[in-house]
Structure formats: C-alpha cells, structure tokens
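Peer 1: got a predicted structure here, sequence first:
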Amino acid sequence: MTTDRIFTVENVTLRFGGVVSLNDVNLFQNRGEILAVIGPNGAGKTSLFNSLTGVYQPQEGEITFMGRDAKPMSIIGRKAHRVSSAGVARTFQASRMFSALTAFENVKIGAESHKGFGVVGAMLKGPRTRRNEKESDATTIRLMDFVGLRQKANVIAASLSYGDRRRLEIARGLATNPEVLLLDEPAAGTNPAEKLGLATLIRRVRDEMGVSILLIEHDMKLVMSLAERLYVLNFGSVIADGTPAEIRANPAVIEAYLGSSADETEELA
C-alpha cells in the first residue's frame, strides 16, 4: 500500500436546517487502502458518503480527491456525475439495480456510462459507437467473471439472491473504471457464507484491480477482518480513528456502541 492520499476531508460540516449531520469532520484515505467508517445508526456515515460523491454539498470545509490524472480535485461544488467521471464509484445501502434488466445489462450500463456515446451516436450506430459497444461488452463479461456471476449473466437482476445482488452492484461500480469504490453496507441482507465470499471479493478488488476501498458496514466482524484503518463517527463527529486493534480498545468507541445491539458491542470488545 502506498501512502499518497486519494481522499482528504478537512473540517467538513454539513447542516440540514438546524440539524448538524457532519460536524467538523477530518479524515483521509491512502491510495490502495481498505478504510472503514463505522458508528451507531444516525452517526452521519451515509451523509459522509453522499458528501464524498457530490450528492450533498457541505456548507463548510474541503474535500479533495486525487484522481487518475494526479491532479487534486475539490469535490464540494461538483455535480455527482462529474465526481463519478473523475474516478469515484459507489454502491448503496438499498439496492439501486435496474431490477427488470439482466445482470449483464446492469453491468453494461455502468461500462457505457463514462464513454459518452451521446444520443445521436447511439441512434446512428457509427463506427465509434460500435467499437465502444464491443469494448463495453468485453468489459462487462470480464467483470461478470471477476465477481463470479458469469453463469448468471442472463438472469433478471430481481431474481438474484442478496449476495449475488451485492456482487452485481460491485461489478457495476467497477465497470466505471474507478480509482476508489465506496461500499455502503455491502453485506446487508447476506448470510454468513455470502459474507465470507464478499470479504474475499473486496480484497481481490483492491489487490488485483488496484482500486481503493472505503466502506460503511454494521457487521463488525466483517469490518475488523477487512479494514486496515477505521474512523468512528458518532452524532456527526469523528470520535476515534486507528487500526482495528486500537478501535476495539478505545473507551470512547465502546461507550458509543453501548446503545447498539449486544452483539455489536460484544464484537467491538
């Protein structure tokens, strides 16, 4: 893992009326790192993800992304599609698949989203459009194979299991050729066997594809097995950061999780 930073968040505050969702947040992610953000429900984790991807616009602070062109880009003030084009991909806590389309078609949409076909090009099917479409097909097949869904390429997305849907969402995110992939509760709805397979896949995304990983996840066993560093949010503020071992032993983190389920608190201890 290199030590150059792909994300830097400095003094970010996000408000919705009188409600402070993020309060003077500071954090960073190194390129090639698997980084996790954890915290109780309502801590501000999804607000942070939405701010990193241009969906929300914080009122204070700075978010800097160092993309593939090695030039720093300010995220705040950028539209979400511009942030995505720069190399930031994400999955969602609630599935955002095109449920009536096949698994193959879902991933192909991701592959084509950053090629800029244009309406006219898509209608006329000129040489450039046909060439790009072949490239998208090849990328889609490669990614379906990578996530283990090659044999389910023609299955309607809504018919897939929760585990396969999570794999499909990762493949669609990777199809946009990202530098960093943000995973919002990727293990939600999965069984223990699917969680193990998902953890292996996430490591492969980083190790084999060179994509940095930033994840939010409530399953502490999964988080602690994957993340190299963690930040802990509570009521919109960072209350701790460090390695999994440091986070497990941090009194502020244990106190913050005392209001969570007994299982979550036990997993942290």
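Peer 2: Yep, it's here. Residues are numbered from 1 along each chain as shown.

Peer 1: surely Pro58 and Ile76 touch.
Peer 2: Yes. Taking contacts as C-beta atoms under 8 Å, Pro58 lies within contact range of Ile76: 5.9 Å. The C-beta positions use only the backbone N, C-alpha and C, and glycine is treated the same way.

Peer 1: who touches both of the two?
Peer 2: Shared between the contact lists of Pro58 and Ile76 (criterion: C-beta atoms under 8 Å, 6 or more residues apart in numbering) are residues Ser51.

Peer 1: neighbour count: those two, which is higher?
Peer 2: The neighbour comparison of Pro58 against Ile76 (other C-beta atoms under 10 Å) goes to Pro58, with 23 against 17.

Peer 1: ok, which stretches of the stretch 1-150 of the chain are helices?
Peer 2: 45-52, 80-86, 103-112, 119-124, 127-146 (DSSP state H, counting those that start in this stretch).

Peer 1: buried residues, stretch 220-240. List them.
Peer 2: Of the residues in stretch 220-240, those buried by neighbour count under the rule 16 or more other C-beta atoms under 10 Å are 220, 222-224, 226-227, 229-234, 236-240.

Peer 1: any idea how far apart the tips of that stretch sit?
Peer 2: This stretch, stretch 220-240, spans 15 Å end to end (C-alpha to C-alpha, to the nearest Å).

Peer 1: if we can go back for a sec, looking at the helices of the stretch 1-150 of the chain, which is nearest to Ala249?
Peer 2: Each of the helices of the stretch 1-150 of the chain was checked against Ala249 via C-beta to C-beta, and the shortest separation belongs to helix 45-52, namely 21.6 Å.

Peer 1: packing partners for the closest one?
Peer 2: strand 5-16, strand 19-30, strand 34-38, strand 60-66, strand 180-184, strand 212-216 (3 or more C-beta pairs under 8 Å, 6 or more residues apart in numbering; DSSP states H and E).

Peer 1: next, format these as JSON lines and append distance to Gly197, mean neighbour count and mean pLDDT.
Peer 2: Shown next, in JSON lines, are the helices and strands packed on helix 45-52 (distance: least, C-beta to C-beta, whole Å; neighbours: other C-beta atoms under 10 Å; pLDDT from 0 to 100):
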{"stretch": "strand 5-16", "distance to Gly197": "26", "mean neighbour count": "18", "mean pLDDT": "97"}
{"stretch": "strand 19-30", "distance to Gly197": "25", "mean neighbour count": "18", "mean pLDDT": "97"}
{"stretch": "strand 34-38", "distance to Gly197": "16", "mean neighbour count": "25", "mean pLDDT": "97"}
{"stretch": "strand 60-66", "distance to Gly197": "30", "mean neighbour count": "18", "mean pLDDT": "96"}
{"stretch": "strand 180-184", "distance to Gly197": "14", "mean neighbour count": "25", "mean pLDDT": "96"}
{"stretch": "strand 212-216", "distance to Gly197": "16", "mean neighbour count": "23", "mean pLDDT": "97"}
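
Peer 1: will you turn the ones you listed into a markdown table that also has distance to Asn191?
Peer 2: Compiled in a markdown table, these are given as follows (distance: least, C-beta to C-beta, whole Å):
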| stretch | distance to Asn191 |
| --- | --- |
| strand 5-16 | 32 |
| strand 19-30 | 29 |
| strand 34-38 | 21 |
| strand 60-66 | 35 |
| strand 180-184 | 18 |
| strand 212-216 | 19 |
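
Peer 1: mind checking which of these is nearest Gly44?
Peer 2: strand 19-30 (5.1 Å).

Peer 1: name the strands paired with the closest one and say parallel or antiparallel.
Peer 2: Strand partners for strand 19-30, identified by DSSP bridges, are recorded as strand 5-16 (antiparallel).

Peer 1: residues in contact with the strand it pairs with: which ones?
Peer 2: Outside strand 5-16, the residues touching it (C-beta under 8 Å, 6+ apart) are 20-31, 33, 44, 47-48, 51-52, 56, 58-66, 179-180, 212, 214, 236.

Peer 1: now do stretch 79-89
Peer 2: The set of residues external to stretch 79-89 that reach it, using C-beta under 8 Å, 6+ apart, is 52-55, 65, 67-68, 73, 75, 78, 113-114, 173-174, 176-182.
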